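Undergrad: Okay, sequence plus prediction incoming.
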Amino acid sequence: MIVCVCKAVSDRKIRSAIADGMDSFDELQFELGVALCCGKCEASVRDVMQQSGVCASHCGVQQHGGAQAVLLTFYERQAA
(Lines give C-alpha, C1' and ligand atoms only; values in the text may rest on other atoms or scores of the structure.)
Protein backbone atom coordinates (compact mmCIF):
# COMPACT_ATOMS: atom_id res chain seq x y z
CA MET A 1 0.00 0.00 0.00
CA ILE A 2 1.27 3.49 -0.84
CA VAL A 3 1.68 5.50 2.36
CA CYS A 4 3.24 8.68 0.94
CA VAL A 5 1.67 9.61 -2.38
CA CYS A 6 3.94 12.63 -2.90
CA LYS A 7 7.12 10.51 -2.83
CA ALA A 8 5.52 7.15 -3.83
CA VAL A 9 6.68 5.39 -0.65
CA SER A 10 4.95 2.15 0.28
CA ASP A 11 4.51 0.51 3.65
CA ARG A 12 6.85 -2.24 2.43
CA LYS A 13 9.59 0.28 1.75
CA ILE A 14 9.13 1.77 5.23
CA ARG A 15 9.19 -1.69 6.85
CA SER A 16 12.33 -2.55 4.85
CA ALA A 17 14.02 0.66 6.00
CA ILE A 18 13.11 -0.15 9.61
CA ALA A 19 14.50 -3.67 9.18
CA ASP A 20 17.73 -2.09 7.84
CA GLY A 21 18.14 -0.12 11.08
CA MET A 22 16.22 3.14 10.67
CA ASP A 23 14.40 3.42 13.96
CA SER A 24 13.23 7.02 14.17
CA PHE A 25 10.71 9.09 12.27
CA ASP A 26 13.39 11.69 11.50
CA GLU A 27 15.58 9.05 9.82
CA LEU A 28 12.70 7.79 7.71
CA GLN A 29 11.78 11.33 6.78
CA PHE A 30 15.35 12.15 5.77
CA GLU A 31 16.05 8.94 3.84
CA LEU A 32 12.66 8.29 2.22
CA GLY A 33 11.26 11.83 2.04
CA VAL A 34 8.00 10.93 3.77
CA ALA A 35 5.92 13.78 5.24
CA LEU A 36 8.07 16.46 3.59
CA CYS A 37 5.66 17.73 0.92
CA CYS A 38 2.07 17.86 2.14
CA GLY A 39 2.55 16.04 5.46
CA LYS A 40 -0.70 14.06 5.20
CA CYS A 41 1.12 10.73 5.48
CA GLU A 42 2.82 11.41 8.83
CA ALA A 43 0.19 9.59 10.89
CA SER A 44 0.29 6.60 8.54
CA VAL A 45 4.10 6.43 8.69
CA ARG A 46 3.94 6.51 12.49
CA ASP A 47 1.31 3.73 12.41
CA VAL A 48 3.62 1.56 10.28
CA MET A 49 6.42 2.28 12.77
CA GLN A 50 4.17 1.27 15.65
CA GLN A 51 3.16 -1.95 13.90
CA SER A 52 6.85 -2.70 13.28
CA GLY A 53 7.65 -2.40 16.97
CA VAL A 54 9.86 0.69 16.97
CA CYS A 55 7.22 3.12 18.15
CA ALA A 56 7.61 2.63 21.89
CA SER A 57 10.82 4.62 21.94
CA HIS A 58 11.30 6.47 18.67
CA CYS A 59 8.19 7.41 16.67
CA GLY A 60 6.88 10.05 19.07
CA VAL A 61 3.49 8.44 19.75
CA GLN A 62 2.62 7.59 23.33
CA GLN A 63 -0.38 5.59 24.47
CA HIS A 64 -2.41 7.12 27.31
CA GLY A 65 -5.45 5.07 28.26
CA GLY A 66 -6.35 4.18 24.68
CA ALA A 67 -5.70 7.65 23.29
CA GLN A 68 -2.59 8.60 21.34
CA ALA A 69 -0.52 11.70 21.98
CA VAL A 70 2.15 12.88 19.55
CA LEU A 71 5.23 14.58 20.96
CA LEU A 72 6.33 17.61 18.98
CA THR A 73 9.88 18.81 18.65
CA PHE A 74 10.61 22.33 17.49
CA TYR A 75 13.89 23.13 15.82
CA GLU A 76 15.31 26.61 15.57
CA ARG A 77 16.75 27.55 12.21
CA GLN A 78 19.81 29.68 12.04
CA ALA A 79 21.01 31.69 9.08
CA ALA A 80 23.95 30.19 7.21
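TA: Happy to help now that I have it.

Undergrad: What's the end-to-end length of stretch 33-48?
TA: Using Cα to Cα, to the nearest Å, the end-to-end distance of stretch 33-48 comes to 15 Å.

Undergrad: Sort out which residues of it are buried, please.
TA: Val34, Ala35, Cys41, Glu42, Ser44, Val45, Arg46, Asp47, Val48 (16 or more other Cβ atoms under 10 Å). (Glycine included, C-beta is placed from N, CA and C.)

Undergrad: And the pLDDT at the nearest residue to the second one once chain neighbours are set aside?
TA: What it means is Ala35. In space, and not counting its chain neighbours, Ala35 is closest to Glu42: 4.1 Å by Cβ to Cβ, 6 or more residues apart in numbering. The predicted structure scores Glu42 at 92 on the pLDDT scale.

Undergrad: Spit out the contact partners of Glu42.
TA: Phe25, Val34, Ala35 (Cβ atoms under 8 Å, 6 or more residues apart in numbering).

Undergrad: The second one is in contact with Ile14, isn't it?
TA: Just to be clear, that refers to Val34. Yes. Between Val34 and Ile14 there is a contact under Cβ atoms under 8 Å: 7.3 Å.

Undergrad: Mutual contacts of the two, please.
TA: Val3, Leu28, Val45.

Undergrad: Quick check on the first one: phi, psi?
TA: Its backbone dihedrals place Val3 at phi -100, psi -50, with angles given as degrees, to the nearest 10.

Undergrad: So for it, what's the nearest residue that isn't a sequence neighbour?
TA: Per Cβ to Cβ, 6+ apart, closest to Val3 is Ser44, 4.8 Å.

Undergrad: that's a helix at the one you found, yeah?
TA: Yes. Counting by DSSP: H, G, I helix; E, B strand; the rest coil, Ser44 is found in a helix.

Undergrad: Gly53: which of the contacts of Glu42 is nearest?
TA: For these, the minimum distance to Gly53 (Cβ to Cβ) is 14.3 Å, reached by Phe25.

Undergrad: I'd assumed Val48 was in contact with that closest one.
TA: No. Applying Cβ under 8 Å as the test, Phe25 and Val48 come out as separate, 10.4 Å apart.
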